[in-house]
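Colleague: Fold the following, please.
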Amino acid sequence: MRVLIATVGSRGDVAPYTGLGVRLRQAGHEVTIATHDGFAGLVGQAGLGFRSLPLDPRAQLASAAGQRILRAGTGATAVMELLRMGRTIMPALGRGLLDAARQGTDLLLLSATTAPLGQVVAEALDVPTTGLFLQPLAPTGEFPPVLTGTRSLGRRGNLLMGHALQSAVDRLITPPVRELREQLGLPRRSAGAERRRAIRQGMPLLHGFSPCVVPRPSDWPPCMEVTGYWWPSPPPDWRPPPRLADFLASGPPPVYVGFGSLVVADAERLGAVIGSALRTARVRAVVQTGWSDLSVTGDDVLAVDEIPHHWLFPRMAAVVHHAGAGTTAAGLRAGVPAVPVPAQLDASFWARRLTALGVSPGPVPLAELSSGRLAAALRQAVEEPAHRHRAQALAARINAEDGAAGVVAAVERLPVRS
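Modeller: Prediction:
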């Protein structure tokens with residue numbers, strides 16, 4: 001079967017699908033990933049086909065619209081800013097998805113960001129589709145909407161808020177969805193109607209995180225499943241740079257500091273705050289520069305670019321990160337304590353999960369970050385054995401799961417049109 005996985009966003013929105021694609025290929029399928037040109041190498045090194053989708057996510061996050069999202073942080077305002085930016089790029093994305101699918105596919109697998117337009121493309125080309133989501137986005141009474149960053153309002157309040165947010169999202173993305181439907185000669189239908197129709201028809205919607213981290217909500221429709229994590233495909237023949245190996249061997253385990261795809265307006269100030277916190281906490285550190293080009297100076301600090309998290313994190317005393325879904329997962333897999341520094345959208349949700357699971361002393365939000373608060377959190381994470389013990393126990397459970405197997409099984413249950 002020719003399988004096309006379509007995803008857009010940052011590296012964390014793409015990397016999990018490389019490992020999933022490898023597993024599908026091993027099961028006998030021909031797998032291609034459609035995403036941004038900047039990730040062509042990431043896809044290619046996994047041995048998967050690549051098809052181009054438009055736009056540069058790093059440039060988008062650094063733009064005025066992207067910085068408005070960062071300033072909004074979490075809550076309804078941040079979601080609306082994200083959707084406003086999304087509406088400006090959705091027409092180009094729709095054309096890109098259509099072009100990618102027309103090159104040949106028997107099954108279209110869609111991330112949360114490509115699902116609204118991808119379902120239209122799948123309908124027009126008469127191919128089955130399945131959702132592959134990295135966050136639990138569907139409304140539920142068991143926790144508040146993931147993107148809002150709010151605390152629980154109780155079962156009824158959480159559910160009402162979830163449906164209200166879903167309705168707002170549907171209204172904002174309906175115009176580009178309807179435009180694409182019209183271009184493809186499909187019946188007029190709103191984004192909300194399309195989403196509800198997919199659920200009624202039982203379109204599988206699989207979630208790539210561990211039920212040990214977020215149990216499947218009991219009030220979700222039967223078509224929504226939680227499979228376990230989908231791990232990125234490791235780069236072949238990768239070896240650590242000698243300077244990194246030497247740094248790790250030269251002293252006690254350092255902490256990791258990295259904010260991945262986060263693009264901050266004042267990276268110099270952020271680097272100064274982090275450097276001061278590291279000196280106060282008296283810890284060594286490996287600092288990933290990331291999309292903000294973060295720079296932290298110090299005798300016991302090593303700056304690195306992209307280092308595979310599955311190799312690096314188990315060698316750390318703790319990990320300080322922006323609480324993105326992918327980096328959160330990598331830290332949990334490694335069994336090390338975390339100090340989340342959430343900044344926007346779903347980061348607060350993952351930060352709270354880390355705290356509730358007992359693997360973190362608690363979040364230090366980027367908007368409230370100071371050297372004193374970060375240093376105190378670092379000392380707790382490194383010095384309190386309970387955090388590491390719980391992290392190691394949770395890692396053992398997570399690593400016993402096989403999330404990709406659930407996706408392979410679901411794909412092979414689908415009726416494919418000849």
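Colleague: Could you use CA atoms for every contact and neighbour count after this?
Modeller: Fine.
Colleague: So which residue is dead centre in this structure?
Modeller: Compute the mean C-alpha point of the chain, and by C-alpha atoms, centre = their mean the closest residue is residue 325, 4.0 Å away.
Colleague: Report pLDDT for that residue.
Modeller: Residue 325 is assigned 94 on the pLDDT scale.
Colleague: Tell me which residues touch it, please.
Modeller: Going by C-alpha atoms under 8 Å, 6 or more residues apart in numbering, residue 325 touches 12, 134-135, 346-347, 350.
Colleague: repeat for residue 91
Modeller: Residues near residue 91 by C-alpha under 8 Å, 6+ apart: 176, 180.
Colleague: what's the helix or strand for it?
Modeller: helix 76-102 (DSSP states H and E).
Colleague: What's the first helix or strand after that helix?
Modeller: Following helix 76-102 in sequence, per DSSP H and E, is strand 107-110.
Colleague: so where do the helices sit in the stretch 51-200 of the chain?
Modeller: Listed in chain order, the helices of the stretch 51-200 of the chain (DSSP state H, counting those that start in this stretch) span 57-62, 64-72, 76-102, 115-125, 154-183, 191-200.
Colleague: Most tightly packed of these?
Modeller: helix 115-125 (a mean of 22; mean count of other C-alpha atoms under 10 Å).
Colleague: got the angle for that helix vs helix 191-200?
Modeller: Angle of helix 115-125 versus helix 191-200, following axes from the mean of the first three to the mean of the last three C-alpha atoms, to 10 degrees, is 70 degrees.
Colleague: Apart from its chain neighbours, what residue comes closest to residue 175?
Modeller: Nearest residue to residue 175, sequence neighbours excluded (C-alpha to C-alpha, 6 or more residues apart in numbering): residue 190, at 7.9 Å.
Colleague: The residue lying closest to residue 270 once chain neighbours are set aside and residue 324, how far apart?
Modeller: Nearest residue to residue 270, sequence neighbours excluded (C-alpha to C-alpha, 6+ apart): residue 294, at 7.7 Å. Separation of residue 294 from residue 324 (C-alpha to C-alpha, to the nearest Å): 17 Å.
Colleague: circling back to that earlier point, of all the helices of the stretch 51-200 of the chain, which one is nearest residue 359?
Modeller: Judged by C-alpha to C-alpha, the one of those that comes nearest to residue 359 is helix 154-183, at 24.4 Å.
Colleague: So the protein: which segments form each domain?
Modeller: 2-229+401-413, 242-399 (automatic domain parsing).
Colleague: Any idea which of those domains has the lowest pLDDT on average?
Modeller: Among these, domain 2-229+401-413 carries the lowest mean pLDDT (a mean of 89).
Colleague: So for that one, first residue to last residue, what's the gap.
Modeller: First-to-last residue span, domain 2-229+401-413, C-alpha to C-alpha: 15 Å.
Colleague: Check stretch 97-112 too.
Modeller: Start and end residues of stretch 97-112 are separated by 14 Å (C-alpha to C-alpha).
Colleague: how distant is it from the center of its chain?
Modeller: 20 Å (C-alpha atoms, centre = their mean, to the nearest Å).
Colleague: cool, stretch 228-242 as well?
Modeller: Distance, centroid of stretch 228-242 to centroid of chain: 17 Å (C-alpha atoms, centre = their mean).
Colleague: Now that stretch: buried residues?
Modeller: Going by neighbour count (16 or more other C-alpha atoms under 10 Å), the buried part of stretch 228-242 is 228-234.
Colleague: Looking at those residues, spot the one nearest residue 269.
Modeller: Distances from residue 269 to the buried residues of stretch 228-242, taken by C-alpha to C-alpha, are shortest for residue 232, at 31.8 Å.
Colleague: Could you check how far the closest one is from residue 301?
Modeller: For residue 232 relative to residue 301 (C-alpha to C-alpha), the value is 27 Å.
Colleague: now residue 327
Modeller: As judged by C-alpha to C-alpha, residue 327 and residue 301 stand 20 Å apart.
Colleague: what's the answer for residue 182, then?
Modeller: 55 Å.
Colleague: thought residue 16 was touching residue 230?
Modeller: Yes - in this structure, residue 16 is within contact of residue 230 by C-alpha atoms under 8 Å, at 5.3 Å.
Colleague: Run through the bridge partners of the residue lying closest to residue 104 once chain neighbours are set aside.
Modeller: Distances taken as C-alpha to C-alpha, 6+ apart place residue 2 nearest to residue 104, at 7.3 Å, with adjacent residues excluded. On the basis of DSSP bridges, residue 2 is bridged to residue 30.
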